[in-house]
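**Q** Next comes the sequence, and after it the predicted model I'd like to discuss.
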Amino acid sequence: MSAHQPAVICRDVVKTYGKGEIAVHALKGVSFEARFGELLMIIGPSGCGKTTLLSVICGTLRADSGSIELFGKNISLMPDRELTAFRARYVGFIFQQFNLVPTLTARENVSIPRLLTGASYADAQRDAGAMLAQVGLAGREESFPSQMSGGQQQRVAISRAMVHQPRLVICDEPTASLDAAAGQRALDLLRDSARHPDRCVIVVTHDSRIFHYADRIVEMDDGLVTATQTASDYLRDHPHSPTPPKSHA
Amino acid sequence: MLRIALLMLFRDKAKYIMLISGLTFCSLLMSQQAGVFCGIMMWTTATLRNISSPVWVVDAKVEQVNEVIPLRDIDVQRVRSLPGVAWAVPLFWGIVQARLPDGSFQAVQLTGLDSSSFTGRPAVMIEGRIEDLRLPNSVIVDQVALEKLERKGIDARIGTTFEINDQEARIVGICKTERSFLGQPYVYTTYERALQYMPTQRKMLAYVLAEPKPGVSPQEVVKQVNALPGLRAFDHQTFFRDTMIWYIKNTGIPVSFGTVVLMGIIVGIAIAGQTFYLFVHDNLRYLAALKAMGAGTAKLVSMVLLQAFSTGFIGYGLGLGLVSIFGNAVLRNGTPPFYMPWQVPVFVGVVIALICCFSAAIGVAKVARLEAAMVFK
């Protein structure tokens, strides 16, 4: 697989919560694609369907109609068990609240995706230690999440998302719980990881301070994709967005 | 992932300790109370274990060994005349007040053995010889009698005398017996002397002990005795079983102990169930994250089951360990009664396993309904 080929293709994805008068149409026919080697951001106001779209892309939620292809496989047609195994092997997750298990050390948290793909405990621990060193947390492997700052926790979460070399990394509001500096550092790591020719990073956010990290930006409103453009085009069209620091420009 | 599941459990110290405490208490309460109950049941059959005989003949109305309705002396001859009986001997048994050297009184279980054969003799002699019962005014007392005398400051040994019905009784031997439900010490003497010690009544024979002829089963002898008017016979096992059943049916002992055991189960369910529910509930977000990351429902369920059953196993072990310490202490002391047949740990283990199933079911139900997408909310 080479860079700029589609990693994720969504076609006319529809998702509705509830039925009848109380039905909420979260996605009303969303179509877009994300490519290998890029960091794609999905932005839009609260309630526009960003998180639902993210859940549908990674297969934690089934769409009512439409198709979602990951690396050429239509996950809409996959049985649950196969989809779960597929997710374990090919998808990495970074959650808004990190969701690090508080009773596990950083190393143990990071080792989980490796354990889920069948690695031995010793191998998983070794790989987790190496991954933590890559994100600058060497020496903090045995720390518990409560003993770490928000930025450090986010780096542990990024390590956990990357340790099994996934082809798709899903990030839900990765900077929501971080200060500006920690947020920039987390995005640096994500952007670096997205440079891999066999990887695609999709970030859902409404933190305008990090828009400049994206290769492309998908705008959503009311359950529909309203625009897809490069980050530079978006920032040109929206001059009110914060100016990126020079080092990232 | 199972190792991760155990780490999640063990490191949540507050809930882990609460879970283990609840299950340990439940296991301890159930096995200790069941052990004491079994001990009491064993005490009810002490006479049968202290006096060995294949066939016991009693009055037709007797239902259990501690109930004595005297027979006529001639009933010994009636039993001896049966075709399946090799021999039959009389046995006296009755409660009588003994006057101790310090002037105080102590109730004793006076047992009168056939003086020629000493059938029904104590199995273990600590000091002295059974044959010394042929000496004048001689008795053999058990270790319970010694303990009671020592507690009163009386230095009891061979040669010590006391009185039964104003007649001298001299200790010529000390034997070991099983403690009885009534709690009084056993005092052995000959049948004839026992009748002298007791106030005279028209009928004084308590039991006839019989031995079947070679090739004849005790059950066959029982049938032959039961055919005689006014008599009833039990083989050893049946008398043992019927005595325990009688106490279970006719006393409040099972209800009393059963209530405590039930409370143990309820406390176990309440503490373990509630704490495990909280444990799973608190970890639900992380379990959902694991599900999103690719842990299937079966894997998550196996993690929850392992967590539930590992606490059950540890709690069960600790509970039984504590009961063993208790049992060891009371067996040395002799009271309260304690006996733990293999069925007790098995029963407690099954109950603990059921409590774990209940606790795990709560967690499994939550995990099975878990939406991985909730981590994005």
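**A** Received, thanks.

**Q** Going by residue numbers, what spans are helices in chain B?
**A** Under the criterion DSSP state H, helices of chain B are mapped to B:2-10, B:13-44, B:46-50, B:74-80, B:143-151, B:191-197, B:218-226, B:236-250, B:253-292, B:297-333, B:343-368.

**Q** what's the closest of those helices to chain A?
**A** The closest of the helices of chain B to chain A is helix B:253-292. By C-beta to the nearest C-beta, the value is 3.9 Å. For glycine as for every other residue, the C-beta is placed from the backbone atoms N, C-alpha and C.

**Q** List the residues that contact the closest residue to chain A within the stretch 51-200 of chain B.
**A** Of the stretch 51-200 of chain B, the residue with the smallest distance to chain A, taken as C-beta to the nearest C-beta, is B:Arg179 at 51.0 Å. Shown here is B:Arg179, whose contacts under the criterion C-beta atoms under 8 Å, 6 or more residues apart in numbering or on different chains are B:Trp43, B:Ala46, B:Val144, B:Gly334, B:Thr335, B:Pro337.

**Q** next one: B:Leu278
**A** Counting by C-beta under 8 Å, 6+ apart, the residues that B:Leu278 touches are B:Lys15.

**Q** Mind telling me what element the residue of chain A found nearest chain B is part of?
**A** Of chain A, the residue with the smallest distance to chain B, taken as C-beta to the nearest C-beta, is A:Ala88 at 2.3 Å. Secondary-structure element containing A:Ala88, defined by DSSP states H and E: helix A:80-90.

**Q** Also A:Ser111?
**A** Per DSSP H and E, A:Ser111 falls inside helix A:106-116.

**Q** Now do that helix against helix B:253-292, angle only.
**A** Here helix A:106-116 runs at 80 degrees with respect to helix B:253-292, directions being taken by axes from the mean of the first three to the mean of the last three C-alpha atoms, to 10 degrees.

**Q** next helix or strand past helix A:106-116?
**A** With DSSP H and E, the next secondary element past helix A:106-116 is helix A:121-134.

**Q** for that next one, the distance to its chain's centre please.
**A** The chain centre lies 21 Å from the centre of helix A:121-134; the measure is C-alpha atoms, centre = their mean, to the nearest Å.

**Q** what's stretch A:59-73 in contact with?
**A** Residues lying outside stretch A:59-73 but in contact with it, judged by C-beta under 8 Å, 6+ apart, are A:1, A:6-16, A:27, A:29-31, A:52, A:55-57, A:74-76, A:78, A:83, A:86-87, A:90-91, A:167-168, B:291-292, B:371-373, B:375-376.

**Q** mind checking how far the spatially closest residue to B:Met303 that is not a sequence neighbour is from B:Gly35?
**A** The shortest distance from B:Met303 to any residue other than its chain neighbours is 3.6 Å, reached at B:Ala5 (C-beta to C-beta, 6 or more residues apart in numbering or on different chains). Distance from B:Ala5 to B:Gly35, counting by C-beta to C-beta, to the nearest Å: 34 Å.

**Q** cool, A:Ala34 as well?
**A** The gap separating A:Ala34 from B:Gly35 is 68 Å, by C-beta to C-beta.

**Q** repeat for B:Asn328
**A** For B:Asn328 relative to B:Gly35 (C-beta to C-beta), the value is 11 Å.

**Q** Could you check which of these two is surrounded by more residues?
**A** Neighbours per residue (other C-beta atoms under 10 Å in any protein chain shown) separate B:Asn328 from B:Gly35, with B:Gly35 holding more: 25 against 11.

**Q** Which pLDDT value does the model give the more buried one?
**A** The predicted local confidence for B:Gly35 comes out at a pLDDT of 91.

**Q** contacting residues for it?
**A** The contact partners of B:Gly35, taken as C-beta under 8 Å, 6+ apart, are B:Val323, B:Phe326, B:Gly327, B:Phe338, B:Tyr339, B:Met340, B:Val344.

**Q** how many neighbours does A:Ser146 have?
**A** 9.

**Q** Enumerate the residues of the stretch 101-250 of chain B near chain A.
**A** Counting by C-beta under 8 Å from any C-beta of the partner chain, the stretch 101-250 of chain B comes close to chain A at no residue.

**Q** Output the below-cut-off pLDDT ranges for the stretch 101-250 of chain B.
**A** With pLDDT under 70 as the threshold, the stretch 101-250 of chain B has no low-confidence stretch at all.

**Q** Likewise for the stretch 251-377 of chain B?
**A** Per-residue confidence of the stretch 251-377 of chain B (counting by pLDDT under 70) places the weak regions at B:377.

**Q** ok, the residue nearest to B:Gly363 when sequence neighbours are not counted - contacts?
**A** Taking C-beta to C-beta, 6+ apart, and ignoring the residues beside it in sequence, B:Gly363 has B:Val280 as its nearest neighbour in space, at 3.7 Å. By C-beta under 8 Å, 6+ apart, B:Val280 lies in contact with B:Leu287, B:Val304, B:Ile362, B:Gly363, B:Lys366, B:Val367.
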